[in-house]
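A.B. asks: Need coordinates for the following:
(chains A, B, C and D)
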Protein chains: 4
Amino acid sequence: MTHQGTLGVAVIGTGRMGADHVRRINEVISGARVAAVVDVDAERAKAVAQGVDGCTAHTDPAAALASDDVDAVLIASPGPAHEATLLAAFAHDLPVLCEKPLTPDAASALRVLEAEQRLGRRRVQVGFMRRYDAEYLRLKALLDSRELGRPLMLHNRHRNASSPPWFTSAMLINDSVVHEMDVTRWLLGQEITAVTVLRPVPSGNAPEGLEDPQLVLFETDGGVIVDTEINVNCGFGYQVQAEVVCERGTARIGDGHTMVTNAAGRWGGTIAQDFVERFADAYDREVQAWVDATRRGEVTGPSVWDGYAAAAVCEAGVRAQREGTRITVDLIARPALYH
Amino acid sequence: MTHQGTLGVAVIGTGRMGADHVRRINEVISGARVAAVVDVDAERAKAVAQGVDGCTAHTDPAAALASDDVDAVLIASPGPAHEATLLAAFAHDLPVLCEKPLTPDAASALRVLEAEQRLGRRRVQVGFMRRYDAEYLRLKALLDSRELGRPLMLHNRHRNASSPPWFTSAMLINDSVVHEMDVTRWLLGQEITAVTVLRPVPSGNAPEGLEDPQLVLFETDGGVIVDTEINVNCGFGYQVQAEVVCERGTARIGDGHTMVTNAAGRWGGTIAQDFVERFADAYDREVQAWVDATRRGEVTGPSVWDGYAAAAVCEAGVRAQREGTRITVDLIARPALYH
Amino acid sequence: MTHQGTLGVAVIGTGRMGADHVRRINEVISGARVAAVVDVDAERAKAVAQGVDGCTAHTDPAAALASDDVDAVLIASPGPAHEATLLAAFAHDLPVLCEKPLTPDAASALRVLEAEQRLGRRRVQVGFMRRYDAEYLRLKALLDSRELGRPLMLHNRHRNASSPPWFTSAMLINDSVVHEMDVTRWLLGQEITAVTVLRPVPSGNAPEGLEDPQLVLFETDGGVIVDTEINVNCGFGYQVQAEVVCERGTARIGDGHTMVTNAAGRWGGTIAQDFVERFADAYDREVQAWVDATRRGEVTGPSVWDGYAAAAVCEAGVRAQREGTRITVDLIARPALYH
Amino acid sequence: MTHQGTLGVAVIGTGRMGADHVRRINEVISGARVAAVVDVDAERAKAVAQGVDGCTAHTDPAAALASDDVDAVLIASPGPAHEATLLAAFAHDLPVLCEKPLTPDAASALRVLEAEQRLGRRRVQVGFMRRYDAEYLRLKALLDSRELGRPLMLHNRHRNASSPPWFTSAMLINDSVVHEMDVTRWLLGQEITAVTVLRPVPSGNAPEGLEDPQLVLFETDGGVIVDTEINVNCGFGYQVQAEVVCERGTARIGDGHTMVTNAAGRWGGTIAQDFVERFADAYDREVQAWVDATRRGEVTGPSVWDGYAAAAVCEAGVRAQREGTRITVDLIARPALYH
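C.D. replies: The predicted structure is shown next:
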């Protein structure tokens, strides 16, 4: 049971995001393994490494990046630590997935930009993960198709049930609206040229001192006007919506997970054209569940009993269809193995 | 780059489903690899095997199952071939994921059931993959919670855009409604005790001789009435819907991918409570995309330029917020590396 | 203040439905007035008549029908009394709107049918009011257009929050499903040729002895299969849904008051094409509210203050648009008259 | 056939809106009749008056307002003519329904305001008819209930399929956004204190010179931020949406005619609680249709044949229910009268 070519990843930072990425690489995705973990907290690094075959634990990113076993770096440490790790990865010529923000300010981001240019090739992917969301991908595809004409406006809603106690008004921009900044740039393929922020009376549910919600306006170099409601104490859940207004129609995502368009006198969405499209995720989950259970020595899914019952009901169904009447189904008693 | 403990899978049958499973094991899921492929068509088997590191090609399942490299079997061959392969897998004490149907009729399914009982432990998972669909899982969780009371009725819709030329009325039951049979049994935890089939005038879009659509009625040993519209030439797409009617409310899935309930004077759905729930798939896809690109020596996702631009707009945003006015954003010229 | 040609209506029965029709004729619709009311309870008849200009009260329909002031009859008495009143109306050659059921059984309905035929012209409209519901009308128009091809199946849901204590299983058919019978016949333009009723385990919320819910199946002379869930103790409200399955698509009404179609790879609904269509009801309600308030000597709607404020904001808006900046609005102090 | 107390209305202006109001008063609403029509075009006034019993035609509002037969005035002439007619109505002490705008600018509106104050009582209702729309009324009721807490933001969308050739950028404000101005003031019970207008690149579908769409921002004296997308060449239809963001949830109207709220972890809407609520409009339309047909000497609705067929199917249904089997329905041949 060995496999050539699996990517050895060093995960830098094992906090909430880092630990989740370790789990993801181990248990969900294909083609990679966690070769090293790094955390300033040596105990936490060790604890995470222990659960992973062949994974080493470090407190210093440099040590991990120097390992022969490391082919790539995933940075999930706090933002101020990103620049040093990125430069170290460049020194080792390692590809990087860097959680957002790239760095905490424009000056340091510019230094990383210049360093990567000196390398002469791109090595870094920034963790703006909305670009991989199925809904945003559909919206992007629709925009790129120009089916609805050029985009003119973009309305965003970004709502959290409640904000943590240490959240500040500046973090509304830097931690939350930063996603809409990237979404705006990516969906439209345009740069943002001006920002305005409007503040209504703060919600009584916002912590003292936090001006929440706000309406953030972007103008782009393509002449699109973008408004974003940032509302981090909305009380009812986490909700991300985007509606693009184009010349011939609009498209909205984020209402219960399907894209709705307005165009040509009709509102609505598309219907999948076959089961492969509709149930792609189910097939993936099914085979993953089977592999996971099998590796644990278990059987967890539909059983032979389920297969037998289906066969017996099918036989009754075909008879009912042929004879035009009600047909009863007689199963054998359910064996103990299937209780 | 090696990894201990990866499950070596023999994939039996490399038609549409089999080939898709080979791709899935190779590129999507974690913890398994394709160790062998089997097809009566030796050329096809060889072609599939060639793309996979360390994968052997066979025309006889027996040869594949005997290999030391094979830890588990995925059966995706035609239904009539299933029984022999299942029994062979039992002989080698190998775990099996068997595409539906388990076998083509109740008598042969019963023989497999008896064989597995003789083994004394469960080895087979049947490929009823709707049990792994996110929507069905939510519906099942809601039913199991008894939040809406006991189930009384289940309304299913199963629609295909069009049927292949060789589709027969019996296949409406055996190939299509078989999914609703399993869904009924699994969702309700009840066995089906009687079947009735009602046939309206056939659609003008159905091929000559195919009685399509039909309304198939199940009664269960728990007293639930189940109706299924099977409609394989509906013309507009692939659509699977299910509405369970319980004592205190109903829940429906399949309308644009979100579950809608009727209860306590309101219709609607739930809102995700945090970004981990909302964007779980996006995170998985993001890291998979990064690993895949990295293994190909590419960088495809958001770039350092994107990270820099976000940082610059954030700075403008925080100033706009603080100063209550419009702030322009000044980016450096976009370097060639990021064009 | 007089008006020629207003229809003088005798309302027979002043229970819930009858009293509501009196209010409707008086206050909502145009071109008619209540000339007489009839109830076996003389006090109730008198009480209702008192509120209506020129309306007389009677205990015997015959007296009312003989009045010169009566041009038409609205029957809202209990079903068993309908036949006699209908025949009396025929004798006076008066047009009738008769609440459903026409009569309580087929034999008596047949006698009315024969009597009307002897008149040689139609005089009776039966109160199947779903034919006047905006959603059903849209569904009917879509079906009549044959845009989606011929109808093949019809799925109905008929749900009440709870049933009154005196409700019986037979009333599920006679009082509730009777609406779906008419809807089936009217939507499809076909007669019902056979009925089957399936009964799941009764809901724990149904009163002792009431078999609720049920699944009622119709076959039509056009070969359409119709299923109706009748569910009069669903607990969550009153909900009426209908989905017609046609050869090229389906259309569903009753989910939050808009028709949704599946066709040509898309689900969704139509968008109004102008404000007259979108706000037709608002205009009707506006003018009715103004007339009603004016007749009471009151002014209740948007005031001159509202008109002035809009004018002032418009001026600011046009300046803001022209000058590209934020313009403040300065209103005079709100006069006491408008508090 | 006469009726005391009907309101005699003079309709000033018989263009599109005026003619529609004449029809509405004549045929739809209760309690009023058109006593006089006025238009500078004498022929048009005469043509409209001809269709209405007892209606006189005038070219001068003064003549109409002086008539004994006129109890109230509905002004639907062009905006610049409103002031004079309003003052004339005040002189005759007549109640007025005045189409928006009250007058074309704030100064003239102020003069009307002062004149009404001198009267010492309110006589004018302004035609902001969205206050009578069922959806806006539900939204207003929800806001007034404070169920979702205080309002913080309001997002409006106002879209027309296309604009007439003479439409100007200023009319975007004065003719279109004026509705959102009133909606803002009415829904929130607050005055607007500042306006900002943002203009994206104009749509290629907008006529040369029209800056369409625009984003109009209001600030209110209650600290609410309001944004309105005005988009009069959207291409797909007429669409008016409003979403209020409150402290504990949001509510949106305008997506296919039902209000959707986000609150307490769920999105969705309410379910009607009985048929009176659900089918109120159908009952109104039914009785109006019957009255209209009867006055024309026709019968147009469900017939005795429909009543008989329902009775016959009910009898079969009750038997099917009791006997647990399929029962056929035998109707008599359909008489010629009902073809």
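
A.B. asks: count of neighbours near A:V11?
C.D. replies: Neighbour count of A:V11, defined by other C-beta atoms under 10 Å in any protein chain shown: 31. (Each C-beta comes from the backbone N, C-alpha and C, glycine too.)

A.B. asks: hmm, I was thinking of A:T328
C.D. replies: When neighbours are defined as other C-beta under 10 Å, A:T328 has 11 of them.

A.B. asks: give me the beta-bridge partners of it?
C.D. replies: B:A194 (DSSP bridges).

A.B. asks: Now do the contacts for it.
C.D. replies: Listed by C-beta atoms under 8 Å, 6 or more residues apart in numbering or on different chains, the contact set of A:T328 reads A:316, B:193-194.

A.B. asks: any idea how far it is from chain C?
C.D. replies: 14 Å (C-beta to the nearest C-beta, to the nearest Å).

A.B. asks: And the pLDDT for that residue?
C.D. replies: Per-residue pLDDT puts A:T328 at 87.

A.B. asks: returning to that earlier point: neighbour-wise, which one of the contacts of A:T328 leads?
C.D. replies: Within the contacts of A:T328, A:A316 tops the neighbour count with 24 neighbours, counted by other C-beta under 10 Å.

A.B. asks: which residues of the stretch 201-339 of chain A fall in strands?
C.D. replies: Taking DSSP state E, counting those that start in this stretch as the criterion, the stretch 201-339 of chain A carries its strands at A:214-220, A:225-231, A:239-246, A:249-253, A:260-263, A:266-270, A:327-328.

A.B. asks: And the residue lying closest to A:P335 once chain neighbours are set aside, its phi and psi?
C.D. replies: Nearest non-adjacent residue to A:P335, counting by C-beta to C-beta, 6 or more residues apart in numbering or on different chains: B:Q117, 5.4 Å away. In terms of degrees, to the nearest 10, the main-chain angles of B:Q117 are phi -60, psi -40.

A.B. asks: Just to check, B:Q117 is in contact with A:R334?
C.D. replies: No: judged on C-beta atoms under 8 Å, B:Q117 makes no contact with A:R334 at a distance of 11.2 Å.

A.B. asks: which one of the two has more residues nearby?
C.D. replies: Neighbour count, other C-beta under 10 Å: between B:Q117 and A:R334, B:Q117 has more, with 16 against 13.

A.B. asks: just for chain A, where's the confidence low?
C.D. replies: Confidence mapping of chain A against pLDDT under 70 gives the ranges A:1-4, A:256-259, A:263, A:266-267, A:272-279.

A.B. asks: show me where the stretch 1-150 of chain A has helices.
C.D. replies: In the stretch 1-150 of chain A, the helices defined using DSSP state H, counting those that start in this stretch lie at A:16-23, A:42-50, A:61-66, A:82-91, A:106-119, A:134-145.

A.B. asks: Compare these and give me the one nearest A:N205.
C.D. replies: helix A:16-23 (24.0 Å; C-beta to C-beta).

A.B. asks: do that closest one and chain B meet?
C.D. replies: Yes: contact of helix A:16-23 with chain B (C-beta under 8 Å from any C-beta of the partner chain) involves A:20-21.

A.B. asks: Kindly report the same for stretch A:37-44.
C.D. replies: No: using C-beta under 8 Å from any C-beta, we find that stretch A:37-44 stays clear of chain B, coming within 15.0 Å at best.

A.B. asks: Please report how far A:T168 lies from A:E211.
C.D. replies: As judged by C-beta to C-beta, to the nearest Å, A:T168 and A:E211 stand 10 Å apart.

A.B. asks: how about stretch A:227-234, does it get close to chain D?
C.D. replies: Yes: Stretch A:227-234 comes into contact with chain D (C-beta under 8 Å from any C-beta), by way of A:227, A:229, A:231, A:234.

A.B. asks: Look at the third one and say how many residues are nearby.
C.D. replies: By that I understand A:N231. 26.

A.B. asks: and what of the first one?
C.D. replies: A total of 23 residues lie near A:D227 under the criterion other C-beta under 10 Å.

A.B. asks: Please give me every residue in contact with it.
C.D. replies: A:D227 is in contact with A:153-156, A:215-218, D:215, D:227, counting by C-beta under 8 Å, 6+ apart.

A.B. asks: what do you get if the cut-off is 6 Å, keeping everything else the same?
C.D. replies: Shown in contact with A:D227 (C-beta atoms under 6 Å, 6 or more residues apart in numbering or on different chains): A:155, A:215, A:217, D:227.

A.B. asks: count of neighbours near the closest residue to A:P78 other than its chain neighbours?
C.D. replies: Take A:P78 and drop its neighbours on the chain: the residue closest to it by C-beta to C-beta, 6+ apart is A:G13, 7.2 Å away. By the measure other C-beta under 10 Å, the count of residues near A:G13 is 26.
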